[in-house]
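Colleague: Provided below for reference: sequence and predicted model.
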Number of protein chains: 6
Amino acid sequence: MYAVEVSDHIMIAHSFKGEVFGPAQALHGATFTVAVTFMSETLDANGIVVDIGCAIDVLKATLKTVNYKNLDDIAEFKGVNTTTEWLTRWVFDQFAAAVKANKLGRPANQISAIRVTVGESPNARAWYEAAL
Amino acid sequence: MYAVEVSDHIMIAHSFKGEVFGPAQALHGATFTVAVTFMSETLDANGIVVDIGCAIDVLKATLKTVNYKNLDDIAEFKGVNTTTEWLTRWVFDQFAAAVKANKLGRPANQISAIRVTVGESPNARAWYEAAL
Amino acid sequence: MYAVEVSDHIMIAHSFKGEVFGPAQALHGATFTVAVTFMSETLDANGIVVDIGCAIDVLKATLKTVNYKNLDDIAEFKGVNTTTEWLTRWVFDQFAAAVKANKLGRPANQISAIRVTVGESPNARAWYEAAL
Amino acid sequence: MYAVEVSDHIMIAHSFKGEVFGPAQALHGATFTVAVTFMSETLDANGIVVDIGCAIDVLKATLKTVNYKNLDDIAEFKGVNTTTEWLTRWVFDQFAAAVKANKLGRPANQISAIRVTVGESPNARAWYEAAL
Amino acid sequence: MYAVEVSDHIMIAHSFKGEVFGPAQALHGATFTVAVTFMSETLDANGIVVDIGCAIDVLKATLKTVNYKNLDDIAEFKGVNTTTEWLTRWVFDQFAAAVKANKLGRPANQISAIRVTVGESPNARAWYEAAL
Amino acid sequence: MYAVEVSDHIMIAHSFKGEVFGPAQALHGATFTVAVTFMSETLDANGIVVDIGCAIDVLKATLKTVNYKNLDDIAEFKGVNTTTEWLTRWVFDQFAAAVKANKLGRPANQISAIRVTVGESPNARAWYEAAL
């Protein structure tokens, strides 16, 4: 299995509901590094998994909708805890849609899986990986 | 599959038995970075894989028993080479027990696997991963 | 000149006033890594610049007052832009006071300077350094 | 599953053919970090996956054939785009052969898989993983 | 003294003249990470050293002229060894001019010094620092 | 001022004498990353600060005398606490001697200062810098 990964970051505010979060129930924030990994059984005729330029464009467009925002104020996110784990899935869903819409420069049926890794600090990170 | 990972480090002394280890047969030491990854098919109602606070507590308690020690002097480790690979499994076993004892803030049957990654230098690391 | 440095991190929310900040005028947040460097012309009888344990304790106590907070809500910070640069100075001032109060395990007149480095993302950081 | 990983780096020039590569069609270059991961279901009697010394030797010998070179000039690579993804496979093939030739200090049938990860910049990397 | 630093990277080919360079006399390449640090005795009314947005724009414009190029083919660089050290100075000179041209969002006389750090591999880097 | 820096690492055991060290009074160990920085007002005719190949050779030779050792057993180190700070100075002294012996490929009077940085963990490091 081949994989190629690109990364970027966002700086957001948010708060959590639930005693399990302790002091993180208060409004705080994070610099989240976001890496998206595309997997394929084969390379295409150019010798690549996906067009990295396309992948970076989709990543920038995806992150722009949440960067420099308070996630608590985003209508689409109402009623959910925007945890690091939850964000990995939200980014995954945007990329699964982008693959289906042929925005990665590779036919959708040749991309077998995506992993999204979100780092919140030097000591903690999360990821979500699923087949497409 | 969702995953969440926390990390810490220890500073220990040890020596190895066996010609394969060359100069590392002598008493030397290491700063080991230790990352523990918990995997689950689902997030719980709070939107998390495990309670990171609990995970960090168990990691600190686990590492405290070996930190600032000469591993050659620990009775439990007598007769084994405490290699980086071996340590990944030892830490894994402590966390597998902690999951069973419900110390991670998530029912044991909802944590599907654990991976433990131990870094020994900028150029070498090892990991152990298994289903629970 | 000898130097020793310890580091930790915080996760905070804040907003900025001023057109120069563009989208960062909105409420957003950051994971700030914070490193404090102590400089001395000499080592003490133990062979150290300062007691690292003390340095970590003061760093934790300092950061606890702002960690998991919205800096816009902290009375002491009213009317200022809590930029990365500004934070380096705020942390510096706490440590300059701690040195004077002999909290670092070394006589104040033997610590010649302090540098505080704050990282906001993989691509940007700031520091403040001054003699004591 | 146990894994052990060693890493090194090379500094090479190359160019790509195909509009998808944009400005990277011109002769340019890269510092490639190269990590090779060996996986095994068991540790051997010494408590290791493979002999790290052997792994480093094979990695150095493999990379020496391309380090400080223009990959466009290497006869074996004629007509291919030496992309980051393609290089992961090329390094994998060298190590698959080395395992079969018993150069890793572990019987070939006890090494179940190899992963090769090649980083091209702080923001992009690729890997290839396959069973042996 | 306050400092703020932004970073980016380039991927270039080049060769060196002189026996001291050994195998690096051949055409090879590098991913260079480039960090530019601006120093000032004071923060401005916004609480910043320079406008980071401006700094990133100048850095991107500067690096664009050499990114994805063979430095041996750039007329301006003819007859020089484009070593990591030499590049730190070349980038410094571009930024010294940008400061004089008031492109950093801060009056030139309030920026006291610039440091440019260029990393060529995980094990080697260079920097150039001078007062303005 | 120009600077060029190379780095390597060692894995050693040691213990400290003095209550200030707490649990680190026991025999433990560390992976120390060691970076040596050479500073010069000018580049030589080749466009370099020092010959990096020479710098790496001297670094390897210096570190070989302590790598994979228990520092408590080294006669030269008897009666001293081999703290991270102390090691920065010990490495500095070896390089100051190497510069005087013209082992860096640059006349001694053209190297103005050396800094040695030793990292002991992701959260702590020390350095020593002095003019030659």
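Modeller: The structure has been received and is ready for your questions. Numbering: from 1, shown residues only, chains lettered A, B, ... in the order given.

Colleague: mind listing what A:Y2 touches?
Modeller: A:Y2 sits next to A:39-43, A:49, D:85, D:88-89, D:126-128 when contact means C-beta atoms under 8 Å, 6 or more residues apart in numbering or on different chains. C-beta coordinates here come from the backbone N, C-alpha and C atoms, glycine included.

Colleague: actually A:A131, not the one I typed
Modeller: A:112-113.

Colleague: Mark which of the contacts of A:Y2 are buried, thanks.
Modeller: A:39-40, A:43, A:49, D:85, D:88-89, D:126-128 (16 or more other C-beta atoms under 10 Å in any protein chain shown).

Colleague: hmm, back to that, compile the contacts of A:Y2 into TSV and extend it with columns for pLDDT and secondary structure.
Modeller: Converted to TSV, those look like this (pLDDT from 0 to 100; DSSP: H, G, I helix; E, B strand; the rest coil):
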residue	pLDDT	secondary structure
A:M39	98	strand
A:S40	98	strand
A:E41	98	coil
A:T42	98	coil
A:L43	98	coil
A:V49	98	coil
D:E85	98	helix
D:T88	98	helix
D:R89	98	helix
D:A126	98	strand
D:W127	98	strand
D:Y128	98	strand
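
Colleague: so can I have JSON lines of those residues showing distance to E:I10?
Modeller: JSON lines is the format used below for the contacts of A:Y2 (distance: C-beta to C-beta, whole Å):
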{"residue": "A:M39", "distance to E:I10": "28"}
{"residue": "A:S40", "distance to E:I10": "28"}
{"residue": "A:E41", "distance to E:I10": "33"}
{"residue": "A:T42", "distance to E:I10": "31"}
{"residue": "A:L43", "distance to E:I10": "25"}
{"residue": "A:V49", "distance to E:I10": "23"}
{"residue": "D:E85", "distance to E:I10": "21"}
{"residue": "D:T88", "distance to E:I10": "22"}
{"residue": "D:R89", "distance to E:I10": "26"}
{"residue": "D:A126", "distance to E:I10": "19"}
{"residue": "D:W127", "distance to E:I10": "23"}
{"residue": "D:Y128", "distance to E:I10": "26"}
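
Colleague: hmm, which two among the buried ones among the contacts of A:Y2 are most spread apart?
Modeller: Greatest spatial distance among those (C-beta to C-beta): A:M39 and D:R89, at 13.9 Å.

Colleague: any idea which of the contacts of A:Y2 is closest to E:G22?
Modeller: Closest to E:G22, out of all of the contacts of A:Y2 and judged by C-beta to C-beta, is D:T88, at 27.4 Å.

Colleague: give the contact list for that closest one.
Modeller: By C-beta under 8 Å, 6+ apart, D:T88 lies in contact with A:2, D:116-118, D:126-128.

Colleague: With respect to F:V6, which of these is nearest?
Modeller: Once C-beta to C-beta is applied, the member of those that ends up nearest F:V6 is D:V118, at 22.7 Å.

Colleague: distance of that closest one from chain B?
Modeller: 15 Å (C-beta to the nearest C-beta, to the nearest Å).

Colleague: helices or strands up against the helix or strand that contains that residue?
Modeller: Under the criterion of DSSP states H and E, D:V118 resides in strand D:113-121. For strand D:113-121, the packing partners by 3 or more C-beta pairs under 8 Å, 6 or more residues apart in numbering or on different chains; DSSP states H and E come out as strand D:28-40, helix D:84-100, strand D:124-131, strand E:2-14.

Colleague: Give me the nearest residue to A:G29, chain neighbours excluded.
Modeller: C:G29 (1.2 Å; C-beta to C-beta, 6 or more residues apart in numbering or on different chains).

Colleague: Look up which residues are beta-bridged to that neighbour.
Modeller: For C:G29, the beta-bridge partners are C:A13 (DSSP bridges).

Colleague: got the contact list for it?
Modeller: For C:G29, the contact set (C-beta under 8 Å, 6+ apart) comprises A:11-14, A:28-31, A:70, C:11-14.

Colleague: Columns pLDDT on top of those residues, output as a markdown table?
Modeller: Putting the contacts of C:G29 into a markdown table (pLDDT from 0 to 100) gives the following:
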| residue | pLDDT |
| --- | --- |
| A:M11 | 98 |
| A:I12 | 98 |
| A:A13 | 98 |
| A:H14 | 98 |
| A:H28 | 98 |
| A:G29 | 98 |
| A:A30 | 98 |
| A:T31 | 98 |
| A:N70 | 98 |
| C:M11 | 98 |
| C:I12 | 98 |
| C:A13 | 98 |
| C:H14 | 98 |
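
Colleague: Grab the nearest non-local neighbour of the residue nearest the centre of chain A.
Modeller: For chain A, the residue nearest the mean C-alpha position is A:V91 (3.1 Å; C-alpha atoms, centre = their mean). Distance criterion C-beta to C-beta, 6+ apart; nearest residue to A:V91, sequence neighbours excluded, is A:V116 at 4.5 Å.

Colleague: Quickly note the distance from the one you found to chain E.
Modeller: Distance from A:V116 to chain E, counting by C-beta to the nearest C-beta: 23 Å.

Colleague: next one: A:L43
Modeller: 20 Å.

Colleague: cool, A:H28 as well?
Modeller: For A:H28, the distance to chain E - C-beta to the nearest C-beta - is 21 Å.

Colleague: contacting residues around the nearest residue to that residue once chain neighbours are set aside?
Modeller: Nearest residue to A:H28, sequence neighbours excluded (C-beta to C-beta, 6+ apart): C:Y68, at 4.4 Å. Contacts for C:Y68 (C-beta under 8 Å, 6+ apart) come out as A:23-24, A:26, A:28, C:10-12.

Colleague: Three-state assignment for C:Y68, please.
Modeller: Classification of C:Y68 by DSSP: H, G, I helix; E, B strand; the rest coil places it in coil.

Colleague: Next: A:T82.
Modeller: A:T82 is classified as coil under three-state DSSP.

Colleague: Identify the residue nearest it in space, chain neighbours excluded?
Modeller: Nearest to A:T82 is A:L71, by C-beta to C-beta, 6+ apart, at 4.4 Å.
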